[in-house]
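Q: Provide a 3D model corresponding to the input given below.
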Amino acid sequence: MMLSARVGLSFDEADALQRLNLQSGGLVQQTIDKSVIDWCLQYCPWDTGTLAKSAYSATQIGQGLVIYPGPYARYLYYGQVYGPNIPIFDDDSGEPTGFWSPPGQKKHPTGKELQYSTDPNPLAGPFWFERMKADHLEDIVKEARSVVGAKSE
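A: The predicted model follows:
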């Protein structure tokens, strides 16, 4: 005797993703975004902390894109002095007291590396996301796994 049966399976992918908090913009992505910013704090250049903390307000948590705004963020991230840089002399010491770049001119890398103060932040330097990720990827994954399927309050 042979038995055969037709079985139909209905699967609601969107519902399953939502129940696990894996939907676009869901709790898992929000956790990853916030975790990335939190871990990057110790790698980001830190004078007053404005740049490092700016990602909290500039990033739409849950979108999967962390943003460090500001005209200088790109230069600090890549770690190169961009120019043209015209020296400013405020005294007769012969040493420039600052530099000025004419507005409207395209800036380009000069080949000179930025020097980062590591007093307030010993890990400060260029490419802070890549360096943080190399050290803390497993920590971020662990934090994300902890909220998969967690009940929202």
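
Q: Per-residue pLDDT of the residue nearest the centre of the chain, please?
A: The C-alpha lying nearest the average C-alpha coordinate of the chain belongs to Val66 (Cα atoms, centre = their mean; 4.4 Å). We have a pLDDT of 97 for Val66.

Q: helix, strand or coil for it?
A: The three-state label given to Val66 by DSSP: H, G, I helix; E, B strand; the rest coil is coil.

Q: So it sits against Ala55, correct?
A: Yes. With contact defined as Cβ atoms under 8 Å, Val66 counts as touching Ala55 (5.5 Å). Just so you know, the C-beta spots here come from the backbone N, C-alpha and C atoms, and that holds for glycine as well.

Q: Which neighbours do the two have in common?
A: 37, 40 (Cβ atoms under 8 Å, 6 or more residues apart in numbering).

Q: Provide the strand pairings for the top strand by length along the chain, with the direction of each partner.
A: Across the chain, the longest stretch assigned as strand under DSSP state E is strand 108-113. The pairing partners recorded for strand 108-113 under DSSP bridges are strand 80-83 (antiparallel).

Q: Show me which residues of the strand it pairs with are buried.
A: 80, 82 (16 or more other Cβ atoms under 10 Å).

Q: Would you confirm that Ser117 belongs to a strand?
A: No. Looking at Ser117 with three-state DSSP, it is coil, so not inside a strand.

Q: any idea how far it is from Ile140?
A: 27 Å (Cβ to Cβ, to the nearest Å).

Q: between the two, which one's more packed in?
A: Ile140 (19 against 10; other Cβ atoms under 10 Å).

Q: tell me what the lowest-mean-pLDDT helix or strand in the chain is packed against?
A: Lowest on mean pLDDT, DSSP states H and E among the helices and strands of the chain sits strand 98-100, with a mean of 82. Counting contacts by 3 or more Cβ pairs under 8 Å, 6 or more residues apart in numbering; DSSP states H and E, strand 98-100 packs against strand 86-88.

Q: Give the partner strands of the strand it packs on in its sheet and their orientations.
A: strand 98-100 (antiparallel).

Q: This completes my enquiry, with thanks.
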